[in-house]
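>>> the following comprises the amino acid sequence and a computationally predicted model.
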Amino acid sequence: DWPRVLSVWRTSGRTAGTMVVYKYWSRRYVEFCVEQGARFDTRLTHADVRRFVAEEIGREATDTAPFAAVRALWCALGMLGHDLPPWRERKPRPPLTPVVNEFVRHRLRHRGVAPGTTPSDSRTASTFVAFLRDHGRSITRVRVADIDDFVMSLSRRWAPRTVAGVCSTLRAFLVFLHVTGRLKRDFAPFVVLPRVRSNRPPRALPWVDVRRILRAIDVTEGLGRRDFAMFLMMATYGMGAGEVLSLRLDDIDWSARTIHAHRPKTGTETTLPLLDPVGRALSRYLRECRPAHSRDRNIFVSHRMPHARLSGAAPIKERLVKYAKLAGVQADFLGTHVFRHYPDRPIIPTRLGRPRASSSHRDSMRLNA
């Protein structure tokens with residue numbers, strides 16, 4: 001499979017020099033596994049490569065090339081359809097206690113929270129239960145002093161805004177304990193949230209600055225075309241980073257000219273018209289720049305192997321700051337939400353149908369699409 005592996009590396013944007021290094025260390029690792037009488041495809045893991053480095057190179061070696069090369073081999077074979085072990089073993093999460101598990105189900109069924117919030121809910125409830133246990137208390141014998149001590153312990157480690165979010169979940173957990181009969185009294189009102197003062201400047205950019213940022217993106221290369229399509233969708237439809245990154249290939253209906261968007265926090269779904277500039281930017285990225293060997297169905301994927309879906313707003317913010325700097329746009333705050341709140345944004349149709357755009361809107365959308 002070496003020719004196919006090299007082809008995957010090449011189409012993934014690896015340079016000739018990088019592929020030489022990858023191939024050298026990958027071959028050495030394969031030979032090492034063969035000498036030990038093991039199938040190399042069952043030992044493509046970070047832990048096994050660490051043993052290889054220790055035995056073949058020496059325990060004092062700090063070169064990361066063997067790890068990068070073997071991981072690149074693992075990525076390529078995975079994209080070619082081979083069944084491989086995970087590169088790193090994930091530590092299993094400790095099981096939830098029955099009361100925390102019931103709290104999470106209650107939140108999903110009766111409180112309308114999105115599934116994406118359940119890890120945070122379970123973590124807060126589990127932390128509070130463990131805190132009580134460490135102090136010789138149980139959830140049926142909660143005191144106001146216990147709640148105050150718990151919040152103070154959080155305040156010594158975390159920022160006020162983070163503590164405020166945890167306290168909000170803690171209130172919900174205490175209400176749940178009361179309505180299910182575990183607590184005779186509702187202690188939620190006794191959870192005092194830290195005061196969070198916001199003196200931030202308005203998170204908005206003028207439309208002219210948004211256009212300057214979009215024009216600063218180099219759409220002649222793959223990353224630029226991907227970023228241009230992402231930011232154009234955010235600027236056109238007011239999507240957040242989570243909505244853009246959750247878009248899948250099946251969410252674009254090219255014949256009906258619609259986009260099926262999902263809001264991760266609430267689970268709501270919206271159907272939007274596929275406007276011409278957005279359609280051109282998306283089709284150019286999908287046809288020419290999206291990694292062909294990606295096994296992920298999300299539209300926007302990483303250009304690094306194994307080309308998994310992009311996740312989190314941090315990578316997008318880094319790209320936004322880069323393009324704003326190139327465009328000479330300065331702002332007190334630059335984040336992914338600035339595309340959603342700029343004050344002089346042109347009106348975008350949000351209902352299905354094909355309303356005729358005004359001339360001023362057409363002119364404003366003449367960017368690089």
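Okay, I see it. Residues are numbered from 1 along each chain as shown.

>>> check the gap between Val8 and Trp87 for me.
Going from Val8 to Trp87 by C-beta to C-beta, to the nearest Å gives 16 Å. Every C-beta, even on glycine, is put in place using the N, C-alpha and C of the backbone.

>>> those two: which is more packed in?
Neighbour totals were compared for Val8 and Trp87, and Val8 leads with 24 against 17 (other C-beta atoms under 10 Å).

>>> tell me who's in contact with the residue nearest to the more buried one when sequence neighbours are not counted.
Closest residue in space to Val8, ignoring its immediate chain neighbours: Ala76 at 4.1 Å, by C-beta to C-beta, 6 or more residues apart in numbering. By C-beta atoms under 8 Å, 6 or more residues apart in numbering, the contact list for Ala76 reads 4-5, 8-9, 12, 293, 305.

>>> ok, now Pro115?
Taking C-beta under 8 Å, 6+ apart, one finds 108, 267 in contact with Pro115.

>>> what pLDDT is listed against it?
At Pro115 the predicted local confidence, pLDDT, stands at 80.

>>> distance check, it against Ser122.
Pro115 is 12 Å from Ser122, by C-beta to C-beta.

>>> and for Leu80?
As for Leu80, its distance to Ser122 is 37 Å (criterion: C-beta to C-beta).

>>> give me the more crowded residue out of the two.
Between Leu80 and Ser122, counted using other C-beta under 10 Å, the more crowded position is Ser122 (20 against 14).

>>> burial of Asp1, as a residue count?
Asp1 has 13 nearby residues by other C-beta under 10 Å.

>>> same question for Val208.
Per other C-beta under 10 Å, the neighbour tally for Val208 reads 11.

>>> any idea which element it lies in?
Taking DSSP states H and E as the criterion, Val208 maps to helix 207-215.

>>> shaky segments in the stretch 101-250 of the chain?
Applying pLDDT under 70 to the stretch 101-250 of the chain picks out residues 198-203.

>>> what ranges do the helices span in it?
Under the criterion DSSP state H, counting those that start in this stretch, the stretch 101-250 of the chain contains helices at 118-134, 144-155, 160-179, 207-215, 222-237, 241-245.

>>> figure out which of these is closest to Cys33.
Between Cys33 and those, the shortest separation by C-beta to C-beta is 33.9 Å, and it involves helix 222-237.

>>> now do the closest one: which elements does it pack against?
Helix 222-237 sits against helix 207-215, helix 241-245, helix 276-288, helix 314-327, with contacts defined as 3 or more C-beta pairs under 8 Å, 6 or more residues apart in numbering; DSSP states H and E.

>>> tell me the most buried of the ones you listed?
Burial of the helices and strands packed on helix 222-237 is given as mean neighbour count (mean count of other C-beta atoms under 10 Å); helix 241-245 ranks first at a mean of 21.

>>> what average pLDDT does the helix or strand that contains the residue nearest to Val8 get?
Per DSSP H and E, Ala76 falls inside helix 65-79. Averaged across helix 65-79, pLDDT comes to 92.

>>> could you give the separation of that helix from the chain centroid?
23 Å (C-alpha atoms, centre = their mean, to the nearest Å).

>>> mind listing what's buried in it?
66-67, 69-79 (16 or more other C-beta atoms under 10 Å).

>>> same question for stretch 243-252.
Within stretch 243-252, judged by 16+ other C-beta under 10 Å, the buried ones are 243-247, 251-252.

>>> quick one, which of the helices of the stretch 101-250 of the chain gets closest to Lys91.
Lys91 sits nearest to helix 118-134 of all the helices of the stretch 101-250 of the chain, at 14.7 Å, using C-beta to C-beta.

>>> let's check: the centremost residue of the protein is which one?
By C-alpha atoms, centre = their mean, the chain has its centre lying nearest to Ser311, at 1.7 Å.

>>> I'd say that residue and Leu245 touch.
Yes: using C-beta atoms under 8 Å, Ser311 is in contact with Leu245, at 6.4 Å.

>>> circling back: now do the SS call for the residue nearest to the centre of the chain.
Here Ser311 is coil, with the state taken from DSSP: H, G, I helix; E, B strand; the rest coil.
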